[in-house]
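Novice: structural data only, the sequence is not supplied:
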C-alpha cells in the first residue's frame, strides 16, 4: 500500500488527514525531569539542557551531486554553503506551497546531514533516488522506528548561564563559532561538534557526537551546570518551545493533491509519517489546498533566492507580489484558559475541547480559526501553549497582512465543528471563542531564536 492508495481509500486527502492516526508530534523522552514550569523558565532564567536525539530522523547525503540536489530542491541559496556550515532548507512543491523545512549540517564538501521533521526529509530522499543524482543516501530513523539505535546524540544547551557551563566543560574559552556555523568543543573527555543557533534567544549551542557517548556527555554537563541552575527539559516543556520562539513546522505538506506529486505519493509507503498525519483544529476547509501554506506565511520570504532553478521557482515568482499572510502571535485574555478548564465539569458534549498544558495542540498539524469580532476568518493558529515565562496562553500562527495590527482584538475558535470529528483521538465537545490580542512577540525585541525541531 502507498500513500496514494490510502488517499483513494479515504475518499480523498481531506478524509485521510482529518482521520489521521498520528496525534501530536511525539518527543520520546522523559515527560518531566523536575516540573515543566521550572523547566520552561530555565531557558530564560538560567540554562536548559534539551535532548533532541530521538524525535527527528536524519538523512545523510554524500557524493559529488549533493550540492546540485540541494539547489534543485531548496528555494533558498546554497552558494556559500559548505563544510562546517549549517543552512535552513526551505522546500516547496511545483505550486510554490511549502513541503517542509529542515536544518542542513555541512559535515564535508560532499557530505550533508539533513535533520528535521519527516516531510522535508522524505521529499529530499525521493528526489535523490529518482532524479539521477550521483548521491548516496542513508537514513537514521527516529528512535521509535529504529531498532538499531541512533547513530548520534543531539543535545541543546542554551540560556543566560550557558556560557560559563560550556567554558567549564571545555576546559577554557570557547572557540569563536559564527551564527549558523559549526565548530569543535570539549565536553569533559569527549569532543562534540557544535552548531551556533539559538532556540531561547540566549547564547548556546546545539551539539552532537556518537550516541554511545550520550550518557557520559549528559552527566558531565549536569554535574558542571548544577552551580549555574542547569535543568534538563522534558517532553512536556520542550513541546512548548516552538510557540515561544516562533517556529511553525506543523504544517500540511503540499503533495497530497496535485498531479505533479502523484509519483511521490506512489513512492511513499502507507506506513509513512505523511500517510498517518492527523490534521485537527477548528478550521475545516472544503479542499485540502486550503491547508497549504507558502514560505511568506511562515516568515521565510526573506530567505527565498531566485538565483538558481529549483522546484517551484516559477510558481513562487508568480506569487511573490500577491497578498500574503504574516506570522503572528496572539495572547489569550486572562481567564480564558481557566474558563475552558472549568467547562470540564459540564455534562456530555457541553464541555469545551480539552486544553493540554503546556502545549495544547493535539494533532500533527493543527489549524484553529482566528477571526475578527464579526466572525470573519482573518488567520490561522497552529501552535497554542501556556508558558510560565509570560504567565499566560499564547498562540502562534499567521494572519492576513491587511488584518495584522499590534493590539488588535481577535478571537480564536477552540474546538472542532459539529461536536468534534469521527477521529477517536478527539473527544465530543463544544466549540468556544477565545478572546485574544495580536502581539508583536512574547518577549522584547531580539530575544527570539530560530526555534526547535
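Specialist: Structure received. Nothing here was measured: the structure is a model prediction, and the numbers come from that model. Numbering: from 1, shown residues only.

Novice: which positions in stretch 414-425 come out as buried?
Specialist: Buried residues in stretch 414-425, counting neighbours by 16 or more other C-beta atoms under 10 Å, are found at 414, 415, 416, 420, 421, 423, 425. Bear in mind the C-beta positions are built from the backbone N, C-alpha and C, glycine included.

Novice: secondary structure element for the last one?
Specialist: Mapping residue 425 onto the secondary structure by DSSP states H and E places it in no helix or strand at all.

Novice: so what's the backbone phi/psi at residue 186?
Specialist: Backbone torsions for residue 186, taken as degrees, to the nearest 10, come to phi -90, psi 140.

Novice: wait, isn't it in contact with residue 168?
Specialist: No: contact between residue 186 and residue 168 fails when scored by C-beta atoms under 8 Å: they sit 10.4 Å apart.

Novice: neighbour-wise, which of these two wins?
Specialist: residue 168 (18 against 15; other C-beta atoms under 10 Å).

Novice: surely that one is within a strand?
Specialist: No: going by DSSP: H, G, I helix; E, B strand; the rest coil, the assignment for residue 168 is helix, not a strand.

Novice: pretty sure it contacts residue 224?
Specialist: Yes: when contacts are counted by C-beta under 8 Å, residue 168 is listed as touching residue 224 (4.6 Å).

Novice: identify each buried residue in the strand or helix carrying residue 383, please.
Specialist: Using DSSP H and E, residue 383 falls within strand 377-387. Neighbour counts using 16+ other C-beta under 10 Å place 378, 379, 380, 381, 382, 383, 384, 385, 386, 387 of strand 377-387 among the buried residues.

Novice: TSV for these, including distance to residue 70 and pLDDT?
Specialist: Conversion of these to TSV gives the following (distance: C-beta to C-beta, whole Å; pLDDT from 0 to 100):
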residue	distance to residue 70	pLDDT
378	36	98
379	32	98
380	30	98
381	32	98
382	27	98
383	28	98
384	34	98
385	33	98
386	38	98
387	35	96
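
Novice: nearest to residue 12 among those residues?
Specialist: residue 380 (20.9 Å; C-beta to C-beta).

Novice: and the closest one, what is it in contact with?
Specialist: Residue 380 sits next to 281, 283, 325, 367, 368, 369, 370, 397, 398 when contact means C-beta atoms under 8 Å, 6 or more residues apart in numbering.

Novice: how about the fourth one, phi and psi?
Specialist: Looking back up the chat, that one is residue 367. phi -130, psi 110.

Novice: how much space between residue 249 and residue 396?
Specialist: 11 Å (C-beta to C-beta, to the nearest Å).

Novice: okay, and the common contacts of these two?
Specialist: residue 242.

Novice: thinking again about what came up before, filter the buried residues of stretch 414-425 down to just the ones in strands.
Specialist: Among the buried residues of stretch 414-425, the members found in strands (DSSP state E) are residue 414.

Novice: between the buried residues of stretch 414-425, which is closest to residue 335?
Specialist: Using C-beta to C-beta, those come closest to residue 335 at residue 414, 13.9 Å.

Novice: for the residue lying closest to residue 145 once chain neighbours are set aside, give me its contacts.
Specialist: In this structure, residue 145 finds its nearest non-sequential neighbour in residue 57, 7.9 Å apart by C-beta to C-beta, 6 or more residues apart in numbering. When contacts are counted by C-beta under 8 Å, 6+ apart, residue 57 touches 115, 118, 121, 139, 140, 141, 142, 145.

Novice: which residue ranges of this structure form helices?
Specialist: 3-9, 13-18, 36-45, 66-73, 118-130, 162-170, 214-225, 235-238, 241-245, 262-267, 273-276, 313-319, 336-342 (DSSP state H).

Novice: ok, residue 61 - contacts?
Specialist: So residue 61 contacts 69, 70, 111, 112, 113, 114, 124, 128, 135, 136, 137 (C-beta under 8 Å, 6+ apart).
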